[in-house]
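> Below are the sequence and a predicted model; questions follow.
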Amino acid sequence: MVFDHAGREVARHQLEHEQILPRAGWVEHNPVEIWERTGSVLQTALNKSDLSAQDVVALGITNQRETALVWNRKTGRPYYNAIVWQDTRTDRIASALDRDGRGDVIRQKAGLPPATYFSGGKIQWILENVDGVREAAERGDAIFGTCDTWVLWNLTGGTRGGVHITDVTNASRTMLMNLETLDWDDELLSFFDIPRQMLPAIASSSSPDAYGVTHPAGPLDTEIPLTGILGDQQAAMVGQVCLSSGEAKNTYGTGNFLLLNTGEKIVRSEHGLLTTVCYRFGDAKPVYALEGSIAVTGSAVQWLRDQLGIISGAAQSESLARQVEDNGGVYFVPAFSGLFAPYWRSDARGAIVGLSRFNTNAHLARATLESICYQSRDVVDAMEADSGVHLEVLKVDGGITANELCMQIQADVLGVDVVKPVVAETTALGAAYAAGLAVGFWKDEQELRANWQEGQRWSPDWSEEQRESGYAGWQKAVQRTLDWVDVD
């Protein structure tokens, strides 16, 4: 996406890439495909708007954060597919950490519970299961990165001197970075037996000189400064200008991610949330956040389309769900990858409960949209318990916000107004803001605030009794998903 000084979209191009599902619980991406499609969308977005690379003052990158890649720095070839954040093959690694007390150290130092979600276990799995990787890592040839690092390394030249670096937000999602030092922690590395030389350097999210420039032999044919990197949910915080303590947003993508800015204070959760770095601009102190991560929301709608075939496209989920007044007693808990916040149960699996012969595919479509909203309610309740801050309004963004019925259900389930900005693609906008701040394209955070404009608002219609009765049914449904898989 290309943005101008007012934060308006000038151009965009996007391509899907393949979801590789080798077996139950495994989710992979092809790193070469990701890189090739990155090059393609860069060129096409510029061509669509009659811009040249010379018109771009800076590039920012945002990415799915915990997805882990290991590749050879000399050949540029990945040793294995990218293991995606949703993948659950590392459940034994995660549960072993919790059994012997190492999990408490990870919570204290990294702000994260041991879970299949994060990158550390994925790196360990590749080191242990892919021939030759450990030896290559010890030699310094095999290097790790999340998707931002992989794309940056290739953009800056790859085998011809590519920059091997990440930012604090992505590093904070590995279980390997200390939240206080903002550096890789030797004790945490020892838990996963990961050689330190595999890891990228860690920089601020917005920096004029840390990330280098695009290589002239790459897809842009010229040198453009790369000056911003933010993990996708932190990028959405910046795009929604949630830059003050107490401000929150919810991003509706493949999963849902609700973040609350806690300022320069590290707030340790007692209710199943994550403590994470929100952003760090230049040499300023880091800003932290509490986060509730939900594994399956938008991907539940994809499942209706791809696996069940009851809708032909995501938009049809709304028209189908509108055919019924309510869920007809049906609840769908899409715990395909276990349950994330605030439960953190890798033994959970998806369940559709409350079915009677009366129910139709319209009830299932409605229950799917409601599952997105109820999972967000779980996280909002946990966030209020941890922070003592009562949510007055929820800022929302991401693909599912185009589904007006889903946003109305969200307002009803939470009992607060739900507000979407004019530019709903706040993740890309946040990466642009981080890049532009570093080169002075925007002079300060106040200029970013001036760009934010309300696009749409939904207010609750449900009575308090409806709200609590519906949520009680959801909580009963969640209980039915637990203890389904035996985790060693």
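Sure, I can see it.
> Please identify the helix or strand for the closest residue in space to residue 111 that isn't next to it in sequence.
Using CB to CB, 6 or more residues apart in numbering and skipping the chain neighbours, the partner closest in space to residue 111 is residue 275 (3.1 Å). Every C-beta, even on glycine, is put in place using the N, C-alpha and C of the backbone. Per DSSP states H and E, residue 275 falls inside strand 274-279.
> Buried residues in that strand, which are they?
Using 16 or more other CB atoms under 10 Å as the test for burial, strand 274-279 gives 274-279.
> picking up where we left off before, tell me what the residue nearest to residue 111 is bridged to.
For residue 275, the beta-bridge partners are residue 290 (DSSP bridges).
> Could I get the full set of helices for the stretch 101-250 of the chain?
102-110, 119-129, 133-139, 147-155, 168-171, 186-192, 232-239 (DSSP state H, counting those that start in this stretch).
> same check, this time on the stretch 351-488 of the chain
Using DSSP H, counting those that start in this stretch, helices in the stretch 351-488 of the chain cover 361-387, 404-414, 426-438, 445-451, 464-481.
> Output those helices in TSV, with mean pLDDT appended to each entry.
As requested, these are exported to TSV (pLDDT from 0 to 100):
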stretch	mean pLDDT
helix 361-387	95
helix 404-414	97
helix 426-438	96
helix 445-451	94
helix 464-481	97
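> ranking those by burial, who's on top?
Neighbour counts (mean count of other CB atoms under 10 Å) averaged over each of the helices of the stretch 351-488 of the chain peak at helix 426-438, with a mean of 28.
> for residue 482, what are its contacts?
Contacts for residue 482 (CB atoms under 8 Å, 6 or more residues apart in numbering) come out as 339, 345, 347-348.
> Ok, residue 153 next?
145, 162-164 are the contacts of residue 153 under CB under 8 Å, 6+ apart.
> and the closest residue to residue 483 other than its chain neighbours, how many neighbours?
Spatial nearest neighbour of residue 483, excluding adjacent residues (CB to CB, 6+ apart): residue 347 at 5.6 Å. For residue 347, the neighbour count with other CB atoms under 10 Å is 16.
> Return the residues in contact with residue 195.
Taking CB under 8 Å, 6+ apart as the test, what residue 195 contacts is 137-138, 189.
> Can you select the buried ones from the contacts of residue 153 in ChimeraX?
ChimeraX command restricting these to the buried ones, with burial defined by 16+ other CB under 10 Å:
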select :145,162,163,164
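> Report the beta-bridge partners for the nearest residue to residue 459 once chain neighbours are set aside.
Among residues not flanking residue 459 along the chain, residue 417 sits closest, at 5.2 Å (CB to CB, 6+ apart). In this entry, residue 417 is beta-bridged to residue 393, by DSSP bridges.
> just residue 201 next, same as before
residue 165.
> quick one, what contacts it?
Taking CB under 8 Å, 6+ apart, one finds 164-166 in contact with residue 201.
> gap between it and residue 414?
For residue 201, the distance to residue 414 (CB to CB, to the nearest Å) stands at 41 Å.
> doesn't residue 66 fall inside a helix?
No: under DSSP: H, G, I helix; E, B strand; the rest coil, residue 66 falls outside any helix and is assigned coil.
> From what I see, it and residue 86 are in contact.
No: with contact defined as CB atoms under 8 Å, residue 66 does not count as touching residue 86 (9.0 Å).
> Counting neighbours, go ahead and name the busier of those two.
Using other CB under 10 Å as the criterion, residue 66 and residue 86 rank with residue 66 on top: 27 against 24.
> Next one: that one, what pLDDT does it get?
Looking at residue 66, its pLDDT is 96.
> That one: what's it in contact with?
85, 117-119, 122, 146, 173-174.
> If any of those are buried, put those into a ChimeraX selection.
Filtering those down to the buried ones (16+ other CB under 10 Å) takes a single ChimeraX command:
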select :85,117,118,119,122,146,173,174
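> Return the two entries of the contacts of residue 66 that lie farthest from one another.
Based on CB to CB, the longest span within these runs between 117 and 146 and measures 12.5 Å.
> So which of the contacts of residue 66 belong to strands?
With strands taken from DSSP state E, there is no overlap with the contacts of residue 66.
> Just give me the closest of the contacts of residue 66 to residue 40.
For the contacts of residue 66, the minimum distance to residue 40 (CB to CB) is 21.0 Å, reached by residue 146.
> Relative to residue 139, how far out is that closest one?
On the measure of CB to CB, residue 146 and residue 139 end up 22 Å apart.
> picking that back up, I'd like the contacts of residue 201 laid out as JSON lines, including pLDDT and distance to residue 369.
Putting these into JSON lines (pLDDT from 0 to 100; distance: CB to CB, whole Å) gives the following:
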{"residue": "164", "pLDDT": "98", "distance to residue 369": "42"}
{"residue": "165", "pLDDT": "98", "distance to residue 369": "40"}
{"residue": "166", "pLDDT": "98", "distance to residue 369": "35"}
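> Reformat these as CSV; add distance to residue 400.
Shown next, in CSV, are the contacts of residue 201 (distance: CB to CB, whole Å):
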residue, distance to residue 400
164, 35
165, 32
166, 28
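> hang on, the earlier thing: list just the nearest of the contacts of residue 482 to residue 386.
residue 339 (18.0 Å).
> ok, that closest one - contacts?
So residue 339 contacts 295, 333, 345, 348, 478, 481-482 (CB under 8 Å, 6+ apart).
> From those residues, pick the one nearest residue 9.
Out of those, the member with the shortest distance to residue 9 (by CB to CB) is residue 295, at 28.9 Å.
> Could you dump the contacts of residue 153 into CSV and include distance to residue 31?
Formatted as CSV, the contacts of residue 153 follow (distance: CB to CB, whole Å):
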residue, distance to residue 31
145, 10
162, 14
163, 17
164, 15
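> Lovely, talk soon.
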